[in-house]
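>>> Here is my input; please provide its structure:
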Amino acid sequence: MKQQQFTIESNAAIAHQVYELRLSGDAGALATPGQFVNVQVGNAYLRRPLSVAKWDDRGMTLIYKVVGSGTDWLAQQPTGARLDILTGLGTGFDLKKARKHPLLVGGGVGLPPLYQLGIELIKMGCQPRLIMGFASERDVFYQKEFEQLMPVTLMTQDGSAGGKGLVTDASLQAQDSFLYACGPIPMLKALHALPLDGQFSLEERMGCGFGACMGCTIQTAKGPRRVCHEGPVFSKEDLLW
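From the prediction side, this is the model:
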């Protein structure tokens with residue numbers, strides 16, 4: 001974990017209530033896709049945990065949805081503003097478990113961590129594909145960005161873009177060999193029932209974001225585990241679903 005200042009390079013809406021925040025600064029504390037950061041928002045007591053879509057030696061890109069006063073404050077911050085951020089939080093996806101044809105599944109704002117994951121898997125010689133799910137066409141983001149990396153299947157619940165239905169309505173392929181998933185808990189529970197080994201990135205309300213307050217603890221096959229510290233990524237066999 002590292003606390004530091006980042007500078008906003010851009011902060012723009014890319015879908016309904018969804019923003020892409022590009023930051024310059026030292027993102028070196030991020031070691032693996034699936035880790036997250038905790039952003040100080042105005043004078044709020046608690047920071048806001050946000051997903052990291054990608055990073056490099058110049059900075060990182062976060063994607064967030066405006067759901068309350070904290071993220072609303074963040075959406076109003078201009079280019080050049082400085083943000084106080086804790087980086088390198090959580091345990092991300094285990095790339096050592098990667099297989100030749102991994103299946104990535106993301107729902108809504110659970111999608112961002114899969115972008116850097118896709119980049120890293122391709123570097124390793126894997127051939128990932130993605131199923132991305134949203135409520136409707138107005139919620140869709142990063143479709144073109146992902147399509148530049150891998151084959152993409154788009155699903156929307158109302159059928160306004162891509163196929164109609166949930167991500168679980170998209171067909172599995174014989175080559176699918178390992179599952180990486182991130183999104184709302186009902187989606188993850190449905191995916192957990194699929195006949196694929198995998199890893200799941202959980203969404204959970206957090207207090208401190210680094211394991212001190214125990215507020216995001218869940219029960220697993222290995223006993224109580226903190227989503228912000230031992231997670232947010234857990235192996236399929238550890239989840240009691």
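>>> Now G34: which helix or strand?
Here G34, judged by DSSP states H and E, is contained in no helix and no strand.
>>> okay but it is in contact with T91, surely?
Yes: G34 lies in contact with T91 (CB atoms under 8 Å); the separation is 7.5 Å. C-betas here are computed from N, CA, C, even on glycine.
>>> May I see the buried residues of the top strand by length along the chain?
Ranked by residue count, the top strand of the chain under DSSP state E comes out as strand 2-15. For strand 2-15, a neighbour-count test (16 or more other CB atoms under 10 Å) marks F6, I8, N11, A15 as buried.
>>> now those in a markdown table, with pLDDT and distance to A98?
As requested, the buried residues of strand 2-15 are exported to a markdown table (pLDDT from 0 to 100; distance: CB to CB, whole Å):
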| residue | pLDDT | distance to A98 |
| --- | --- | --- |
| F6 | 98 | 29 |
| I8 | 98 | 33 |
| N11 | 98 | 33 |
| A15 | 98 | 29 |
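>>> and the residues you listed as a markdown table, adding distance to N38?
Converted to a markdown table, these look like this (distance: CB to CB, whole Å):
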| residue | distance to N38 |
| --- | --- |
| F6 | 12 |
| I8 | 16 |
| N11 | 17 |
| A15 | 23 |
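>>> remind me, longest helix of this structure?
helix 113-123 (DSSP state H).
>>> Alpha carbons of stretch 212-225, as PDB, please.
Listed next in PDB are the C-alpha coordinates belonging to stretch 212-225 (Å, rounded to 0.1, in the frame of the first residue of the first chain):
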ATOM      1  CA  ALA A 212      -7.900  -2.800   9.700                       C
ATOM      2  CA  CYS A 213     -11.600  -2.300  10.400                       C
ATOM      3  CA  MET A 214     -12.800  -5.800   9.400                       C
ATOM      4  CA  GLY A 215     -16.000  -4.300   8.000                       C
ATOM      5  CA  CYS A 216     -15.900  -6.200   4.700                       C
ATOM      6  CA  THR A 217     -15.300  -9.600   6.200                       C
ATOM      7  CA  ILE A 218     -17.000 -12.600   4.600                       C
ATOM      8  CA  GLN A 219     -17.200 -16.300   5.400                       C
ATOM      9  CA  THR A 220     -15.100 -18.600   3.100                       C
ATOM     10  CA  ALA A 221     -14.100 -22.200   3.100                       C
ATOM     11  CA  LYS A 222     -10.900 -21.000   4.800                       C
ATOM     12  CA  GLY A 223     -12.800 -19.100   7.500                       C
ATOM     13  CA  PRO A 224     -13.400 -15.300   7.800                       C
ATOM     14  CA  ARG A 225     -11.600 -13.300   5.100                       C
END
